[in-house]
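Chemist: Return atomic coordinates for the entry below.
(one chain, ligands or ions: 1)
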Amino acid sequence: MQLSRRSLFKLSGAAALTAPMIMTRAAQAEVPMAMTMPAAFKRFSLGDFEVTVLSDGHRNVPDPRKIFGTNVSKDEVEALLTENYLPVDQMQFTFAPTLINTGNELILFDTGNGEGGREGGVGQTLANLQASGYMPDQVTHVVITHMHPDHIGGLMEGDAPAYPNAAYVAGRTEYDFWSSDDRMGTPAERGHAMVEAKVVPLAEKMTFIGDGDSVASGITGMAAFGHTPGHMVFTVESGGKTAMITADTANHFVLSLQRPDWEVLFDTDKAAAAASRRRVFDMIATDRLAFIGYHMPFPAVGFVEAMGEGYRFIPETYQLDL
Ligand SMILES: [Zn+2]
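Modeler: Take a look at the predicted model:
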């Protein structure tokens, strides 16, 4: 029997309509949930640049108040969460490396959690980079904003570089801090070990930068120290458009932005981190810039306006697609 696509469609439609309800129920009980998630990336143009924000996945974490607002009362943290329709007993972290095609370079900012996080559902950057239409060997530069595990974890796959043709860019202050043996026997010892494993093997292909140094034409690093000793943010300018890559200047879209002075467990120097938060987000609010924040709700792109003692996060919807 020969059936055209059209008549097949009609047939299956008719069969679905007449299928008895009892069969539908029996079948459903034996169908496992797929659990897989769609490829996750967001792409937009910025002048002549193409920007692709990649999801590395997400991780749920208990007790937000043990991380954010460690210098204020539990009640204050819980009140702010509740006011923003967020649960008080757990939270979700997302991770968003960003890929910029300048036309001449393909630059990846941070690498996600890498293979070590994959069983826990993160470490999806490589897969999403490929889903977005690129191959790892096309990446010409990997820029590291700072050397926490969720940013450097994806530099290596096994014993080999995950982006085999890439040169690397990192902050001089950041590299010197984490790679130093002086970290042995301090709270930074585990971070030091991770940098030894993931970053030091690539150091000979690395360019070290400081405040005001350029990564490529239109892309400039800026010191925003505090979260880590050498944490950097980046200004991206093309064709009269500007956006910022703020990395971990703010780690939560409500708790860090609405209360920039609240202390955060992950910030190495709490006061310097708060000062950097204010300086960077004052500039973003004043100039009405778009920004990509590594831990903002995926796709991690938005704006801020000054509000109360901090800022209100405004997620990007279609502003950058037009
Ligand atoms: Zn981070």
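Chemist: so where do the strands sit in the stretch 201-322 of the chain?
Modeler: 206-209, 214-216, 219-223, 232-238, 241-247, 290-293, 301-307, 310-315 (DSSP state E, counting those that start in this stretch).
Chemist: where are the low-confidence patches of this protein?
Modeler: Applying pLDDT under 70 to the chain flags residues 1-28.
Chemist: Nearest to P87, out of the strands of the stretch 201-322 of the chain?
Modeler: strand 310-315 (17.6 Å; Cβ to Cβ). Backbone N, C-alpha and C define where each C-beta goes, glycine included.
Chemist: quick one, that closest one and strand 301-307 angle?
Modeler: 150 degrees (axes from the mean of the first three to the mean of the last three Cα atoms, to 10 degrees).
Chemist: Show me what counts as buried in the top helix by length along the chain.
Modeler: In the chain, with assignment by DSSP state H, the single longest helix is helix 270-286. Buried residues in helix 270-286, defined by neighbour count with 16 or more other Cβ atoms under 10 Å: 270, 272-277, 279-281, 284-285.
Chemist: sorry, back to before: most tightly packed of the strands of the stretch 201-322 of the chain?
Modeler: For those, the largest average neighbour count (mean count of other Cβ atoms under 10 Å) is found in strand 290-293, namely a mean of 25.
Chemist: what's that one packed up against?
Modeler: strand 241-247, strand 301-307 (3 or more Cβ pairs under 8 Å, 6 or more residues apart in numbering; DSSP states H and E).
Chemist: Checking whichever residue of the stretch 51-200 of the chain sits closest to the ion next. Helix, strand or coil?
Modeler: Proximity of the stretch 51-200 of the chain to the ion (Cβ to the ion) peaks at D150, 4.5 Å away. Three-state assignment for D150 (DSSP: H, G, I helix; E, B strand; the rest coil): helix.
Chemist: give me the residue from the stretch 151-300 of the chain nearest the ion.
Modeler: For the stretch 151-300 of the chain, Cβ to the ion, closest residue to the ion: D248, 4.4 Å.
Chemist: tell me the phi and psi of the residue nearest to that residue when sequence neighbours are not counted?
Modeler: With Cβ to Cβ, 6 or more residues apart in numbering as the criterion, D248 has its nearest non-adjacent residue at 4.7 Å, and that residue is H227. Backbone torsions of H227, given as degrees, to the nearest 10, read phi -50, psi -50.
Chemist: Is H227 in contact with T249, as I believe?
Modeler: Yes: using Cβ atoms under 8 Å, H227 is in contact with T249, at 6.7 Å.
Chemist: and these two? which has more neighbours close in?
Modeler: Neighbours were counted for H227 and for T249 using other Cβ atoms under 10 Å; T249 has more, 29 against 26.
Chemist: my read: the more buried one touches A223, true?
Modeler: No: using Cβ under 8 Å, T249 is not in contact with A223, being 11.1 Å away.
Chemist: okay, and the common contacts of these two?
Modeler: H231 (Cβ atoms under 8 Å, 6 or more residues apart in numbering).
Chemist: Any residue of stretch 192-212 touching the ion?
Modeler: No: interface with the ion: stretch 192-212 contributes nothing (Cβ under 5 Å from the ion), its closest point being 12.9 Å away.
Chemist: how long is that stretch end to end?
Modeler: 26 Å (Cα to Cα, to the nearest Å).
Chemist: Please shift the residue numbers so they start at 555 in all later answers.
Modeler: New numbering, starting at 555: the last item is stretch 746-766.
Chemist: Would you agree the residue of the stretch 705-854 of the chain closest to the ion is in contact with M786?
Modeler: No: counting by Cβ under 8 Å, D802 sits too far from M786 to count as a contact (10.3 Å).
Chemist: For those two, list the residues in contact with both.
Modeler: 699-700.
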